[in-house]
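>>> sequence and predicted structure below; questions after.
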Amino acid sequence: MLLLRLSSWLLLLVCLDPFRHEVPGALASSVPSDAKTLVWGPGLETDIVLPARFFYIQAVDNSGRNLTTSPGEKTFEVKIVSPSEQFTRIWIQVLDRLDGSFLVRYRMYATYTDLHIQILLKNKHVAKSPYILKGPVYHEGCDCPQHSSSLWEAHMHCPQSFPQIDRDLSFYASVDPDRNAQEIPQRFGQRQSLCHYTIKDNKVYVKTFGEHVGFRIFMDAILLSLSRKVQLPDMEFFVNLGDWPLEKRKPTQMIHPIFSWCGSNNTRDIVMPTYDLTESVLETMGRISLDMMSVQANSGPAWPEKNATAFWRGRDSRQERLELVKLSRAHPNMIDAAFTNFFFFKHDESLYGPLVKHVSFFDFFKYKYQINIDGTVAAYRLPYLLAGDSVVLKQDSGYYEHFYNELQPWEHYIPIKADLGDLLEKIQWARDHDEEAKKIALAGQQFARYHLMGDKIFCYYHKLFQEYAKLQVTEPKIREGMELVEQPADDLFPCFCHRTQAKDEL
Ligand SMILES: *[C@@H]1O[C@H](CO)[C@@H](O)[C@H](O)[C@H]1NC(C)=O
Ligand SMILES: *[C@@H]1O[C@H](CO)[C@@H](O)[C@H](O)[C@H]1NC(C)=O
Ligand SMILES: *[C@@H]1O[C@H](CO)[C@@H](O)[C@H](O)[C@H]1NC(C)=O
């Protein structure tokens, strides 16, 4: 018995040996070169302040070819030091994306003057390492807003515009804060969970309506975080904290601007990134569960090894989800879909049972085909599903998040009908067109890697506030009953903001 265990251990060790599968011919192309390897990203720039800063490494071999498989998790070593400090309180993580590229994230707990980012391959500097971030490099907690919003956007490399913002705001020729302060609470304040925010002199004020206002923490947090980075325009707006968008009137009627996490074809709410994605950006490191960075290092086995069954887990929050589980039971060789929780509908074990154990999100990516299907509103998991390297089968839906407008069917995902009528057919298509399915999977992943990372989420909020503020025709005011939302006072390493000092000297 002991012997048997020992030998199975040995076998395991052999299997884990990363060099075991290397054949001499393949060797040349799997060894990264320190000179040719590419390094880029926002985390190499002083002025891109993010809760978790990040940059990328693409391993390239001597002949200039990108590696497409991992050269090993520990291939690159990253050190970040500040020459003027003995210790730097910086948390660093190198995430192996298993496709020859790495995502490096780091969180600074204090502000430093000059940072040297060293990227090493077997003790040799990679690409242009060390990267030197000059001047004060602020950490997330530092309250040091850039006074010029256009300069901030330029530093952040923000897109010139976001089509969704243009579309949402196109329904409003102007916005009247005085009128809205009267009318919006009258229309929605009784039944809905609403927050009324005023930004004045870059300070955040709020008044809440309704009982369930716990979700305002996400809005408070993004507003405080943004206002530490850039001077926000004076403005007044309402945020809907509930799932469902609210403004159902036709654009020809008197419509009210309401900011919501989710939009729909039948409403005129102004969409923001969901609270889930927002939280993932703000708390990236503290979060144990899912965030847009860790998911990139946990996207399962390589494409050919993924299971060709379509996969889904979730709650019973919509009729089509019941249909999906029924379909799965009828076609288990095509779909593995099951409920982890029953809450909304009557739990009929004979039709929709049995409940299954919660599956780690990362395990979803053992499967090639991911089904994205609405819950109460849009399924907020789509950003994470796209970021993995499976292909997403997305249900047509009247609900959308801030980025759906830029997603293209057949380019970034495989579309399925709202009633799932063609789901089996689409899975079969993907099975019959493996190369094309893989291409769509990678395009979706590329989309998520570019559009749904922290820097772009900050850009989106900022652009939205800028554009909205321009529409205001009366002066935003701190209204009766509003309270100041204070910056957290628990920062252990207070920073010195050179911008406020410069102002004082004038
Ligand atoms: C190699 O990877 C970099 C970074 O992702 C990319 O920009 C470049 O196009 C790739 N080169 C080739 C030849 O695929
Ligand atoms: C693929 O997944 C299905 C459903 O989860 C499972 O029944 C099947 O055994 C898996 N196939 C392989 C080859 O692992
Ligand atoms: C919602 O609107 C989009 C864009 O116009 C459209 O493609 C989609 O089919 C609509 N879906 C539903 C279910 O209304």
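Received it, and whenever you're ready, just let me know what you need. Ligands and ions are numbered 1, 2, ... in the order given.
>>> report the contact partners of Arg105.
Listed by Cβ atoms under 8 Å, 6 or more residues apart in numbering, the contact set of Arg105 reads Gly43, Ala52, Arg53, Phe54, Ile92, Gln93, Leu95, Thr284, Met285, Met293. All C-beta spots, glycine's among them, are computed from the backbone N, C-alpha and C.
>>> mark which of these are buried, thanks.
Using 16 or more other Cβ atoms under 10 Å as the burial test, the contacts of Arg105 include Gly43, Ala52, Arg53, Phe54, Gln93, Leu95, Thr284, Met293 as buried.
>>> check which helix or strand the fourth one maps to.
Phe54 belongs to strand 53-58 when assigned by DSSP states H and E.
>>> what lines up beside that strand in the sheet?
strand 38-40 (antiparallel), strand 101-108 (antiparallel) (DSSP bridges).
>>> quick one: that strand near ligand 1?
Yes. Residues of strand 53-58 contacting ligand 1 under Cβ under 6 Å from any ligand atom: Gln58.
>>> tell me the most buried of the strands paired with strand 53-58?
Mean neighbours per residue, mean count of other Cβ atoms under 10 Å, is largest over the strands paired with strand 53-58 for strand 101-108, with a mean of 23.
>>> tally of neighbours for the residue in the stretch 201-350 of the chain that ligand 1 sits nearest to?
Ligand 1 sits closest to Gln296 of the stretch 201-350 of the chain, with a gap of 13.0 Å, by Cβ to the nearest ligand atom. Look at Gln296: counted by other Cβ atoms under 10 Å, it has 25 neighbours.
>>> separation between it and Phe465?
As judged by Cβ to Cβ, to the nearest Å, Gln296 and Phe465 stand 28 Å apart.
>>> who's in contact with the residue of the stretch 201-350 of the chain closest to ligand 1?
Leu95, Arg97, Leu103, Ala387, Arg449.
>>> so which of these is the closest to Ser149?
Nearest to Ser149 out of these is Arg449 (Cβ to Cβ; 26.1 Å).
>>> where does that closest one land in three-state SS?
Here Arg449 is recorded as helix under DSSP: H, G, I helix; E, B strand; the rest coil.
>>> quick check: it touching Asp389?
No. Between Arg449 and Asp389 there is no contact under Cβ atoms under 8 Å: 10.7 Å.
>>> the two: who's more crowded?
Set Arg449 next to Asp389 and count neighbours by other Cβ under 10 Å: Asp389 wins out with 22 against 17.
>>> surely that one touches Ser299?
Yes. Using Cβ under 8 Å, Asp389 is in contact with Ser299, at 4.6 Å.
>>> neighbours of His125, how many?
His125: 14 surrounding residues under other Cβ under 10 Å.
>>> could you pull up the residues touching it?
Applying Cβ under 8 Å, 6+ apart to His125 gives the contacts Asp34, Gln118, Ile119.
>>> and Arg479, by the same measure?
Contact analysis of Arg479 by Cβ under 8 Å, 6+ apart lists Ala181, His196, Thr198, Tyr205, Lys207, Glu236.
>>> got the residues of this structure near ligand 3?
With Cβ under 6 Å from any ligand atom as the criterion, the chain meets ligand 3 at residues Asn265, Asp396, Ser397, Gly398, Ala418.
>>> just give the number of residues close to the third one.
In terms of burial, Ser397 registers 19 neighbours under the definition other Cβ under 10 Å.
>>> cool, and the fourth one?
Neighbours of Gly398 under the rule other Cβ under 10 Å: 14.
>>> got it, and the second one?
Using other Cβ under 10 Å, Asp396 is surrounded by 13 other residues.
>>> now the residue of the stretch 351-500 of the chain found nearest ligand 2: phi and psi?
Proximity of the stretch 351-500 of the chain to ligand 2 (Cβ to the nearest ligand atom) peaks at Tyr367, 6.9 Å away. Per-residue torsions, Tyr367: phi -110, psi 140 (degrees, to the nearest 10).
>>> kindly report the residues of this structure close to ligand 1.
Counting by Cβ under 6 Å from any ligand atom, the positions of the chain adjacent to ligand 1 are Leu38, Gln58, Asn66.
>>> going by distance to Asp363, which of these wins?
Nearest to Asp363 among those, with distances taken as Cβ to Cβ, is Gln58, at 26.9 Å.
>>> and the closest residue in space to that closest one that isn't next to it in sequence, what is it in contact with?
Distances taken as Cβ to Cβ, 6 or more residues apart in numbering place Leu38 nearest to Gln58, at 4.2 Å, with adjacent residues excluded. Contacts of Leu38 were listed using Cβ under 8 Å, 6+ apart, and they are Tyr56, Ile57, Gln58, Val60, Ala127.
>>> would you confirm that Ala302 contacts Ser70?
No. The criterion here is Cβ under 8 Å, and Ala302 misses it with Ser70 at 9.8 Å.
>>> find residues that contact each of those two.
What both Ala302 and Ser70 touch, as defined by Cβ under 8 Å, 6+ apart, is the set Leu98.
>>> the two: who's more crowded?
Set side by side, Ala302 and Ser70 show more neighbours around Ser70, with 18 against 13, by other Cβ under 10 Å.
>>> the nearest residue to the more buried one once chain neighbours are set aside: neighbouring residues, count only.
Closest residue in space to Ser70, ignoring its immediate chain neighbours: Leu98 at 4.7 Å, by Cβ to Cβ, 6+ apart. Using other Cβ under 10 Å as the criterion, Leu98 is surrounded by 19 other residues.
>>> now do the contacts for Leu98.
Thr69, Ser70, Ala297, Ser299, Ala302.
>>> pretty sure the third one is in contact with Asp99, am I right?
This points to Ala297. No. Counting by Cβ under 8 Å, Ala297 sits too far from Asp99 to count as a contact (10.6 Å).
>>> ok, Val325 to ligand 3 distance?
Counting by Cβ to the nearest ligand atom, to the nearest Å, the gap from Val325 to ligand 3 is 21 Å.
>>> tell me the SS of that residue?
Assigned with three-state DSSP, Val325 falls in the helix class.
>>> and stretch 112-129, which residues are buried?
Neighbour count says stretch 112-129 has Tyr112, Asp114, Leu115, His116, Ile117, Ile119, Leu120, Leu121, Val126, Ala127, Ser129 buried, by 16+ other Cβ under 10 Å.
>>> in this structure the fifth one contacts Thr46, no?
I take that to be Ile117. No. At 11.0 Å, Ile117 and Thr46 do not qualify as touching, with contact defined as Cβ under 8 Å.
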